[in-house]
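Engineer: Quick one, what's the 3D model for this:
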Amino acid sequence: MQMNETVSLRPMTPEMYHVYYREYQNDPDLFLDRTQCKPFIYTPEWTDAYIRRQVGRKRICLAVMIGDEIAGEIILKDIVPRRSATLSICMKNDRFKGRGYGTQAERLAIAYVFHSLDIPVLYADSIIPNLRSQHVLEKVGFRPLRTKGDFKYYRIEREEQEARRLLLVTCFEPFGGEETNASAQALALLPKRIGDWSILSFQLPVVFGRAGERCSALIDTIRPDAVLLLGQAGGREAVTPELIARNVRWGRIPDNAGNSPKGEPVIPGGEDALFATLPVEAVTEAIRAVGLPAELSADAGLYVCNDLYYSVLHALRGPAFADRPIPAAFVHVPSAQTLAPEQSARALAAAVAALP
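Structural biologist: Numbering: from 1, shown residues only. Here you go, the predicted structure:
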């Protein structure tokens, strides 16, 4: 599933909680007796007390972000280190429900629990009348465990849900007045599991700086085993793994926020160029081996694709990843008119299978 808005998770701060609860609306589906659902009234005192309770119970609280807006809350509770935890989720109001945001947020939370917290078992529960919640839980891989009283209990295990390694694969939203982006179309068709890789997909905004910031923050949270960045190169006829990212921004057209930089650095003071840390030569050969066009490229352009690529490679060289390096590379796919999305997805599957 891909969306125009980017879904991400961030640690919930006290300031964020106050922003969140100012627009929060009680959800009747969270009440056994819907007539007991009363309008929620925000007060600073109630919110501060709520925050203290979460801290006292040693829960991990994550904000569900749609772009830069807080759309919901995920709580990880009953945490037993390296053994198990329990997940709960709540969206802020009706504006964020029924649009797939909660599903994507739960997928991100599962990856965070399994790979960053190294917890192999995750539980969840839902009151029996809340069929929407149960549908989402089952959609992301939770299995019904039992029904007791007014609740239905679920469980998901890392061994059955995830392969041995996690690969974060990103794509871009449409830009330049187009309705689709070939990278998003291809990623939507990519299997969720290839060999011993489990694929976590994430869509990024076509905005200088913002794409790199969001991707780097997600990498820092999820800690995948590798990162594969995707973009669309409309003028190319082959799938092109990129060898180099350059420390330059140049907007041949405005990005989706109207920015048109002309020669400024991606990272002031950074190296002129950074090289892929995944074997892009082997990836290129693997795509050719399945009969699809591929060419190794040393020019990712100077638009948002290159901006993202350089930002991520620079972030991954930082001290936060010194103890566990995470390799990354960028791959451009042609437009859907040049190479069908199904073919691009097959090329990417071959690329993933070739990763060490």
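
Engineer: which residue packs closest to the residue nearest the centre of the chain, ignoring adjacent ones?
Structural biologist: Against the mean C-alpha coordinate of the chain, by C-alpha atoms, centre = their mean, the closest residue is Phe202 at 3.7 Å. With C-beta to C-beta, 6 or more residues apart in numbering as the criterion, Phe202 has its nearest non-adjacent residue at 4.8 Å, and that residue is Thr170. Bear in mind the C-beta positions are built from the backbone N, C-alpha and C, glycine included.

Engineer: ok, Ala340 to Leu108 distance?
Structural biologist: 29 Å (C-beta to C-beta, to the nearest Å).

Engineer: So what touches the strand or helix carrying Ala350?
Structural biologist: In this assignment (DSSP states H and E), Ala350 forms part of helix 341-353. Helix 341-353 is contacted from outside by 167, 169, 182, 185-191, 194-195, 197, 199, 228, 230, 239, 241, 283, 286-287, 289-290, 292, 294, 331, 333-334, 336, 339, using C-beta atoms under 8 Å, 6 or more residues apart in numbering.

Engineer: In helices, which of those fall?
Structural biologist: Among the contacts of helix 341-353, the ones falling in helices (DSSP state H) are Ala182, Gln185, Ala186, Leu187, Ala188, Leu189, Val283, Ala286, Ile287, Ala289.

Engineer: TSV for the residues you listed, including distance to Leu145, neighbour count and pLDDT?
Structural biologist: Converted to TSV, the ones in helices among the contacts of helix 341-353 look like this (distance: C-beta to C-beta, whole Å; neighbours: other C-beta atoms under 10 Å; pLDDT from 0 to 100):
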residue	distance to Leu145	neighbour count	pLDDT
Ala182	41	27	97
Gln185	36	20	96
Ala186	36	29	97
Leu187	32	25	96
Ala188	31	14	93
Leu189	32	15	95
Val283	41	26	97
Ala286	40	21	97
Ile287	42	26	97
Ala289	44	12	96
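
Engineer: Taking those together, which two end up most distant?
Structural biologist: Using C-beta to C-beta, the ones in helices among the contacts of helix 341-353 span at most 23.8 Å, a distance reached by Ala188 and Ala289.

Engineer: thinking again about what came up before, and Ala340 and Leu108? which has more neighbours close in?
Structural biologist: Higher neighbour count among Ala340 and Leu108: Leu108, with 22 against 15, using other C-beta atoms under 10 Å.

Engineer: I'd guessed the more buried one sits against Arg10; true?
Structural biologist: No: under the criterion of C-beta atoms under 8 Å, Leu108 makes no contact with Arg10, lying 10.6 Å away.

Engineer: and Leu62, bridged to which residues?
Structural biologist: Leu62 has these beta-bridge partners by DSSP bridges: Pro11, Ile74.

Engineer: in terms of contact, does it touch Ile70 like I think?
Structural biologist: No: assessed by C-beta under 8 Å, Leu62 is found out of contact with Ile70, at 10.5 Å.

Engineer: Could you list the buried residues of stretch 318-331?
Structural biologist: Buried residues in stretch 318-331, counted by 16 or more other C-beta atoms under 10 Å: Ile326, Pro327, Ala328, Ala329, Phe330, Val331.

Engineer: what does that stretch contact?
Structural biologist: Contacts of stretch 318-331 (C-beta under 8 Å, 6+ apart): 219-220, 223-231, 239-242, 245, 276-278, 280, 283, 300, 305, 308-309, 312-313, 315-316, 348, 351.

Engineer: Export only the CA atoms of that stretch, formatted as CSV.
Structural biologist: This file holds the C-alpha atoms of stretch 318-331, laid out as CSV (Å, rounded to 0.1, in the frame of the first residue of the first chain):
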residue,chain,number,x,y,z
GLY,A,318,27.8,8.8,11.6
PRO,A,319,28.7,7.5,15.1
ALA,A,320,25.2,6.2,15.8
PHE,A,321,25.9,3.4,13.3
ALA,A,322,29.5,2.8,14.1
ASP,A,323,28.8,-0.4,16.0
ARG,A,324,26.5,-1.8,13.4
PRO,A,325,27.0,-0.4,9.9
ILE,A,326,24.0,-0.4,7.6
PRO,A,327,24.7,-0.6,3.9
ALA,A,328,22.7,1.4,1.4
ALA,A,329,22.3,2.0,-2.3
PHE,A,330,20.0,3.9,-4.7
VAL,A,331,18.2,2.4,-7.8
